[in-house]
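Participant: show me how the following folds:
(one chain, ligands or ions: 1)
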Amino acid sequence: MYVRALASVALTFGAAVAMASCTAGPTAPQPPPTSMPTAPATSPEPPQFEVNRVLEDIGHLANEIGPRHATSKAYLDAADWVEARFETLGYETARMDVDAPAGNTWGVNVGAGNSPNVIAASTGFDPTEPHVVIGAHLDTVPVAPGAEDNASGVAMMLELARVVADDSRPVLFISFGAEEPRGPGDDMHHFGSRTYVRGLDDAERLAIDAMISLDRVGVEGPEVPVCTGGRGTTRVREELGDAARGANIPHVLCDDNRTSDHWSFERADLPSARLGSIPYDGYHSARDTPDVVSRDQLGRVGAIMIGWLRSG
Ligand SMILES: [Zn+2]
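Facilitator: Sure, this is the predicted structure:
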């Protein structure tokens, strides 16, 4: 239901851009038709995954925006930034309101409020046609700048969006609000992804080939964790494992990970998996700063994801 709204928002956005360029027109000289460049004989090489871009975005979220708990002003600043980044990459975007209740997040009392999901897709995206969902939560616990948890996942998602922008496989990217717990149990966790899943109608559910949560993907470990929660299909996990093998990247499969947004999809019988979750000292603390992430680990996760996206 919601993603149909995405189309109308996108159309409005597109129309606004068209009008802006029209009204700027009258005094601007028009180039003669003979100056039009000729089309290249071959299409250009697809963009390469660049770890430097991921590190730059992690630095922005952790250092410039800083701690951004789900209902804070900083969270809304981060959502604005992510939305602008997607639009710069050529995507159309929309927001979904996410009600987050008051609660206690990792020892700090937090108030109720809106923690919007930011959703991005290519022009013409149809949520009732087969597609994959790539998600990463944007919020942090109140004390943490969240370089690893989860600027790493958001920055990875943005770089993937840049690299596959012209690929044919339809991808819906979602920056999720309010992932971090506000109390005990599944009902006080993962509000953004649960809100998204709840809004799907039958045709949209059937169209989701896979959902992957990128959550804590930058801390270096001996292997890249590729996980499910142990309840639903393991197909997506196996596919990611195949992509890791294909790229010669050490990885470990697990089936007991329920602490990220893939769990909202798995609980709703939608095929999903999570990449990431290496333990580290700065977890949910003020020490979750950009120095905790590893260029090599980000490169491994990027290679798995690009391999998987281009295998489908
Ligand atoms: Zn996280």
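
Participant: going forward, measure contacts between C-alpha atoms and count neighbours the same way
Facilitator: Noted.

Participant: which residues touch residue 222?
Facilitator: Contacts for residue 222 (CA atoms under 8 Å, 6 or more residues apart in numbering) come out as 250, 251.

Participant: what about residue 226, which helix or strand?
Facilitator: Using DSSP states H and E, residue 226 falls within strand 224-227.

Participant: where does residue 54 fall, helix, sheet strand or coil?
Facilitator: Under DSSP: H, G, I helix; E, B strand; the rest coil, the three-state class of residue 54 is helix.

Participant: what's the burial count for it?
Facilitator: Neighbourhood size, residue 54 [other CA atoms under 10 Å]: 26.

Participant: look up how far residue 163 lies from it.
Facilitator: Here residue 54 is placed at a distance of 12 Å from residue 163 (CA to CA, to the nearest Å).

Participant: show me the strands in this structure, by range?
Facilitator: Secondary structure of the chain (DSSP state E): strands at 92-96, 99-100, 103-105, 108-110, 113-114, 117-121, 131-137, 171-176, 208-214, 224-227, 251-254, 272-275.

Participant: average model confidence for the fifth one?
Facilitator: To tie it back to what came earlier, the one meant is strand 113-114. Averaging pLDDT along strand 113-114 gives 98.

Participant: name the strands paired with it and say parallel or antiparallel.
Facilitator: strand 99-100 (antiparallel) (DSSP bridges).

Participant: who's in contact with the strand it pairs with?
Facilitator: 70, 71, 112, 113, 114, 115, 178, 191.

Participant: now with 10 Å?
Facilitator: Identification of contacts with strand 99-100 by CA atoms under 10 Å, 6 or more residues apart in numbering yields 70-71, 110-116, 177-179, 182, 188-192, 195.

Participant: in the protein, where is pLDDT below threshold?
Facilitator: 1-43 (pLDDT under 70).

Participant: hmm, back to that, could you list which of the contacts of strand 99-100 belong to helices?
Facilitator: 191, 192, 195 (DSSP state H).

Participant: surely the second one and residue 119 touch.
Facilitator: The one in question is residue 192. No: at 11.1 Å, residue 192 does not count as touching residue 119 under the criterion of CA atoms under 10 Å.

Participant: the two - which one has more neighbours?
Facilitator: Set residue 192 next to residue 119 and count neighbours by other CA under 10 Å: residue 192 wins out with 30 against 23.

Participant: ok, residue 68 touching residue 137?
Facilitator: No: taking contacts as CA under 10 Å, residue 68 lies outside contact range of residue 137: 11.1 Å.

Participant: before we move on, back to that, contacts for the strand holding residue 226?
Facilitator: 212-213, 217-218, 234, 236-241, 244, 249-258, 262, 272-278, 297-298, 300-301, 304.

Participant: give me the buried entries from those residues.
Facilitator: Among these, those classed as buried by 16 or more other CA atoms under 10 Å are 212-213, 217-218, 234, 236-237, 239-241, 244, 249, 251, 253-254, 257-258, 262, 272-278, 297-298, 300-301, 304.

Participant: tell me how far residue 174 lies from residue 134.
Facilitator: For residue 174 relative to residue 134 (CA to CA), the value is 6 Å.

Participant: what sits in contact with each of these two?
Facilitator: 154, 157, 213.

Participant: residues in contact with the second one?
Facilitator: The contact partners of residue 157, taken as CA under 10 Å, 6+ apart, are 54, 86, 134-136, 151, 163, 173-175, 213-214, 302, 305.

Participant: so it versus residue 216, what's the distance?
Facilitator: 12 Å.

Participant: between those two, which contacts overlap?
Facilitator: Common contact partners of residue 157 and residue 216 (CA under 10 Å, 6+ apart): 136, 151.

Participant: one step back: buried deepest among the strands of the chain, which one?
Facilitator: A comparison of those by mean neighbour count, using mean count of other CA atoms under 10 Å, puts strand 272-275 on top with a mean of 30.

Participant: how far does that one sit from the chain's center?
Facilitator: Centroid separation between strand 272-275 and its chain, computed with CA atoms, centre = their mean, to the nearest Å, is 12 Å.

Participant: I appreciate the help and will end here.
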